[in-house]
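Peer 1: what's the 3D shape of this:
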Amino acid sequence: MKKIRSVARATPVLVTALTLAGTLTGPAAAASGTASEPAATAQKPAGGPATATDGVTHEENDRVPEGSVWTQHYFPSSDGSGTELHADVLLPEKLPKGERVPVILSAGAYFGHSGEISPEGWKHTGPSDRFQDFIEGTDLFDQGYAFVMVDTRGFGGTSAKRAPATSGKAGGISSSYFVRSEPLQQTTRITGTPRVSMTAKGEGNVMVKLYDVAKDGTAVMFDEQVSRLDSDRLAFDLKSTDWTLKAGHNLAVEIGSVQTGDWLDTPSQQKVKIKDARLELALDDPADDVATGGERSPYLDTYLSQYTVQLPAGTGTFTVPPARDHR
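Peer 2: Numbers count the residues shown, from 1 in each chain. The predicted model follows:
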């Protein structure tokens, strides 16, 4: 990788949670006119997975909410990118075949069957319990609603892009690279949604991390993101953030393969070569900040203990522009 450039910007950021209403039709697997009567044959293994046509109930898999039938579905994204989306569908258990019901839909990155953020030690597969309190509190299935959880691109069962050319696999990069800025001349807040764009060849998954590096090399990872990287996707947003770098600290950027336990990677076995990278940042000057009342957040110390590392010494190869030039 040759270089990375830092660009300040001040673009308003809007973060929304997707919740839609629609209708679903009960599949044959959900009911056969006598859905409450178990079949005499085709006994399912305990904790078994669902398919699009073969629904699974709570009695067959204890991770399925009571009163529902779980099915899984794959369908193409409407943006024409070739991305294949995955959805877990929970229908009322005794829904007659062909009957339509209203839908509560949530799309997000935390519906993976192994865990919301990292593997949680489940002994068998099943739908996420992220909204179990909502399901129970509303008596959702008794009220005649369906609940759909869609994995957003690159998470859970949703592929980055499933196509014959990639054998349905996402990718991996063989190594990681660190670059860092010159020491900051003034205390600067990085806010909004950082965006990285690259010049690259090859197809695979890329992980980008941002670090706040102190003079002694102690570094706190304060932002990260994983994305598929290929010819039609060479730029993506990191997570929205609000982090203040003190004067004299460096901003370090790591670009490379998926190496943490929070992301489940399927290597493409391809070589990915990154020639150039551009990092766009929204910068703010915190000099006029007024501290809010209250105690220090207990979670902050937990976060720092988990995401603080020691980085080797290095020379700055790019400059973070002063925030005052972009207010």
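
Peer 1: In this protein, which residue is most central in space?
Peer 2: The chain has residue 109 as the residue nearest its centroid, 3.9 Å off, counting by C-alpha atoms, centre = their mean.

Peer 1: Sort out which residues of the longest strand seen in the chain are buried, please.
Peer 2: Looking across the chain with DSSP state E, the single longest strand is strand 188-201. The neighbour-count check on strand 188-201 (16 or more other C-beta atoms under 10 Å) flags 188, 189, 190, 191, 192, 193, 194, 195, 196, 198, 200 as buried. Bear in mind the C-beta positions are built from the backbone N, C-alpha and C, glycine included.

Peer 1: what pLDDT does the residue nearest to the centre of the chain get?
Peer 2: In this model, residue 109 is scored at 80, pLDDT.

Peer 1: how about residue 272, phi and psi?
Peer 2: The phi and psi torsions at residue 272 (degrees, to the nearest 10) take the values phi -110, psi 130.

Peer 1: contacting residues for residue 243?
Peer 2: Shown in contact with residue 243 (C-beta atoms under 8 Å, 6 or more residues apart in numbering): 189, 190, 191, 212, 222, 223.

Peer 1: Can you tell me the strand partners of the host helix or strand of it and which way each runs?
Peer 2: In this assignment (DSSP states H and E), residue 243 forms part of strand 241-245. Using DSSP bridges, the strands paired with strand 241-245 are strand 188-201 (antiparallel).

Peer 1: Can I get the longest strand of the chain as PDB, trimmed to CA atoms?
Peer 2: The C-alpha trace of strand 188-201 is given here as PDB (Å, rounded to 0.1, in the frame of the first residue of the first chain):
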ATOM      1  CA  THR A 188      -9.200  17.600  17.600                       C
ATOM      2  CA  ARG A 189     -12.500  15.800  17.700                       C
ATOM      3  CA  ILE A 190     -13.300  13.200  15.000                       C
ATOM      4  CA  THR A 191     -17.100  13.100  14.700                       C
ATOM      5  CA  GLY A 192     -19.700  12.000  12.200                       C
ATOM      6  CA  THR A 193     -19.100   9.000   9.900                       C
ATOM      7  CA  PRO A 194     -15.600   8.500   8.600                       C
ATOM      8  CA  ARG A 195     -15.400   7.200   5.000                       C
ATOM      9  CA  VAL A 196     -12.500   5.300   3.400                       C
ATOM     10  CA  SER A 197     -12.000   4.800  -0.400                       C
ATOM     11  CA  MET A 198      -9.300   2.800  -2.000                       C
ATOM     12  CA  THR A 199      -7.500   2.000  -5.200                       C
ATOM     13  CA  ALA A 200      -7.200  -1.800  -5.100                       C
ATOM     14  CA  LYS A 201      -7.100  -5.000  -7.200                       C
END
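
Peer 1: centre of the chain versus that strand, how much separation?
Peer 2: 17 Å (C-alpha atoms, centre = their mean, to the nearest Å).

Peer 1: Kindly report the same for stretch 53-71.
Peer 2: In terms of C-alpha atoms, centre = their mean, the centre of stretch 53-71 is found 25 Å from the chain centre.

Peer 1: per-residue confidence averaged over that stretch?
Peer 2: The average of the pLDDT scores along stretch 53-71 is 93.

Peer 1: how about it: buried residues?
Peer 2: Neighbour-count burial for stretch 53-71, with 16+ other C-beta under 10 Å as criterion, is recorded at 54-58, 60-61, 63-65, 67-71.

Peer 1: Inside strands: which ones of those?
Peer 2: Among the buried residues of stretch 53-71, the residues falling in strands (DSSP E) are 56, 57, 68, 69, 70, 71.

Peer 1: for the protein, what are the low-confidence residue spans?
Peer 2: Residue ranges of the chain with pLDDT under 70: 1-47, 154, 158-175, 259-268, 324-327.

Peer 1: ok so, going back, out of the ones in strands among the buried residues of stretch 53-71, which comes closest to residue 124?
Peer 2: Among these, residue 56 lies closest to residue 124 (C-beta to C-beta), at 10.7 Å.

Peer 1: beta partners for that closest one?
Peer 2: With DSSP bridges as the criterion, residue 56 is bridged to residue 70.

Peer 1: distance of it from residue 110?
Peer 2: From residue 56 across to residue 110, the span is 21 Å (C-beta to C-beta, to the nearest Å).

Peer 1: And the helices in this protein?
Peer 2: For the chain, the helices defined by DSSP state H cover 132-138, 298-307.

Peer 1: and among these, the most buried is which?
Peer 2: Highest mean neighbour count among the helices of the chain (mean count of other C-beta atoms under 10 Å): helix 132-138, with a mean of 12.
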